Structure formats: C-alpha cells, structure tokens
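> let me see the structure of the following:
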Amino acid sequence: MAPQESIPVAANILGTIGTVCWCVQLVPQILHNYRTKSTEGLPASMMLLWTVSGVPFGAYAIAQNFNIPLMVQPQCFCCLCGVSWAQCLIYGRNWRTWTTTLLLLGLFVIFAGVELGLVYAIRPPYERGVDWPVLLIGVISFTLLIGAYCAIPFELLKRRGRVIGIDFIFLTVDWCGAFFSLMSLVAQSEFDALFGTMYALCCAIEMSMMLSHLVWRVRTRGIRKRANAEGKTFDESAEGIAWQAKGIDLEAKFWKMVGREDKAKKEEEHMEAVIEEEVMAGKNTIPIGVV
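Residues are numbered from 1 along each chain as shown. Next comes the predicted model:
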C-alpha cells in the first residue's frame, strides 16, 4: 500500500475524535489507580506492551502519511500507558516512586530516539516502492498491541468473569477511540487493512470484557442481594467469597507445574489473608470496575 496522497476532510474529523479519545482514555484508569492505591486486576504486562507498541505504531503512522490526528495518537497512547505501567510497579510491586519515574522518563527518551530512527530508516525506501520494511513495523505494532490483551482472559478466569481493577470509563473511551479511528481509515482514500483490523479487534475485545462483567453481575445478583440485606458488600459476604474462590487461577497452576509450589502457596495464603482482613475490618479494599 502506498502512502496516503490526499486526506479527506471526513477522515481528519473522525481521526481527530479518535485521537481525542485515545489522548484521554487512560486518564480515568490512572486516576482510579491513584485513588485506590492499587492495580489489582490490571495486568502490568498489558500496560508495558501497550507502551512499547507506541513506538512502531507511531513510526508506521508517520511513514504511511496518515492524517495528522492518527500520527499524534500513538505518542499520547504510549505516554499514558507508560504512566499506568509505572503505577503497576509502584502500587503492585512496591517500587519507589522516584526510581520508577526515572526509569519511565529514561524509557521515553529511548523510545523517542528509536521511533525517529525507524521513520528515517523506513520512509525513504517506502517512497521508492519498497513496502516490506513498513509492513514489518506495522505487523510488530499490531502484534504488541493485540498481544497485550492476552493477560485479560487469565484475569477473567481467575475471577469467574468479573472485571476488577479496570475502570469502565477507560474501557468506554478506549472503545470510542478505536471505533472512530477505524471510521477515519474507512474515510481515507485508501483503507489500511492492517490497522483497520487492529482497531476492529480492540473494539471487539473491549466489548467482550464489558459483556463478561455484565454476565458476572447477572450470575451473582442473588448473592449480592443477600449480602446487601446483611449490610455487606459482595466481597465481605461469606457466600460471595466462597463463590468467587471457585475461579481458575492458571498462574498458580503454572507455578505448581514448574515445581514452584512455594510461590503459588504464598500467593494463595496472601490472598486468603487479605480477604480475611477485609471481612474482619468490615470494608472492601479490592477495587472493582462496577458494582
């Protein structure tokens, strides 16, 4: 596919809407993490892969001469994902704030240099009709961004479909960003199949997450109703705790399979201690997306 030669007004408008959404999409998630001081249920690997994907994503968009909003989009996406990943280190792994901040700033400087180098490396041959370098960069970006979602099914299995730690305002805005970006590509003079597929998959995956949590709410409506009658939340109710404990923790099974039963046992004991502490304290400290 050759670089875009002319950008229709409709593509710019739709691309701008998509970019605005993707410039602010993670702000609710970042604020949610900050308020709760927890990233439980938010995979750090997903945030890291999204951060890294912004580099080839940005280089590809520039080389393809997309409309300006779609060129700006990867840069904003990379920065916000990086901040969220840093929160996973601080709240989830107890890293020091200054250490994490310096690490993140260092990565941003490296990423900026790599992206600039990629643009200068792939654009000249692309303009001469050599397509494979740009296609390779696009495939790498596609793989990183979509592959980051692989952690989500494990979280849903562990919690029997419940979405924990992921803000639903973030999911909604993110879905809108992907949708309008997809429509922007449709409005261009030539449709980019690779990134069109990526945006479509983002929409589908995020809709499935919302649907999964909705199904969880339907399945647990009786338990939540009885817990509310007792003046408790679902996580404080003995029935709720027992129901939720039946989830499939593939990570724990993996550690047992490779002979690291001590790690799996410690994690299980830690979770049991946290639940017991919450029940004794009479409050829920586990962040949930929607109750």
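> any idea how many residues pack against Leu105?
Here the count is done by other CB atoms under 10 Å, and Leu105 has 12 residues near it. The C-beta positions use only the backbone N, C-alpha and C, and glycine is treated the same way.
> what average pLDDT does the helix or strand that contains it get?
Per DSSP states H and E, Leu105 falls inside helix 97-127. On average, the pLDDT along helix 97-127 is 93.
> which residues touch the residue of the chain positioned farthest from its centre?
Centroid-distance maximum for the chain: Arg128 at 36.2 Å, with CA atoms, centre = their mean. Under the criterion of CB atoms under 8 Å, 6 or more residues apart in numbering, the contact list for Arg128 is empty.
> backbone dihedrals for it, please?
When read as degrees, to the nearest 10, the backbone of Arg128 gives phi -90, psi 0.
> cool, and the one 3 residues further on?
According to degrees, to the nearest 10, the main-chain angles of Asp131 amount to phi -90, psi -30.
> burial measure for it, as a count.
12.
> against Thr97, how distant is it?
Separation of Asp131 from Thr97 (CB to CB, to the nearest Å): 45 Å.
> ok, Ser212 next?
Distance from Ser212 to Thr97, by CB to CB: 33 Å.
> so between those two, which is more surrounded?
Neighbours of Ser212 and Thr97, each counted by other CB under 10 Å, are more numerous for Ser212; the result is 19 against 11.
> pretty sure that one is touching Arg159, no?
No: using CB atoms under 8 Å, Ser212 is not in contact with Arg159, being 9.4 Å away.
> name the nearest residue to Phe180, ignoring sequence neighbours.
Of all residues not flanking Phe180 in the chain, Gly18 sits nearest, at 3.6 Å (CB to CB, 6 or more residues apart in numbering).
> that neighbour: neighbour count?
Using other CB under 10 Å, Gly18 has 25 other residues around it.
> so how far is Ala63 from it?
19 Å.
> who touches stretch 85-103?
Outside stretch 85-103, the residues that touch it by CB under 8 Å, 6+ apart are 30, 33-34, 37-40, 42, 44, 47-48, 50-51, 104.
> which helix or strand contains the nearest residue to Leu48 once chain neighbours are set aside?
Nearest non-adjacent residue to Leu48, counting by CB to CB, 6+ apart: Trp85, 5.0 Å away. Assessed by DSSP H and E, Trp85 sits inside helix 68-87.
> list the buried residues of that helix.
69-87 (16 or more other CB atoms under 10 Å).
> kindly report the same for stretch 28-39.
Going by 16+ other CB under 10 Å, stretch 28-39 has these buried residues: Pro28, Gln29, Ile30, His32, Asn33, Thr36, Ser38, Thr39.
> which residues touch the first one?
By that I understand Pro28. Contacts for Pro28 (CB under 8 Å, 6+ apart) come out as Asp167, Ile169, Phe170, Val173.
> what does the fifth one give?
Residues in contact with Asn33 (CB under 8 Å, 6+ apart) are Thr39, Leu42, Ser84, Gln87, Cys88, Tyr91.
> dump these to JSON lines, plus pLDDT and distance to Val139.
Converted to JSON lines, those look like this (pLDDT from 0 to 100; distance: CB to CB, whole Å):
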{"residue": "Thr39", "pLDDT": "92", "distance to Val139": "30"}
{"residue": "Leu42", "pLDDT": "91", "distance to Val139": "27"}
{"residue": "Ser84", "pLDDT": "95", "distance to Val139": "25"}
{"residue": "Gln87", "pLDDT": "96", "distance to Val139": "29"}
{"residue": "Cys88", "pLDDT": "95", "distance to Val139": "27"}
{"residue": "Tyr91", "pLDDT": "94", "distance to Val139": "33"}
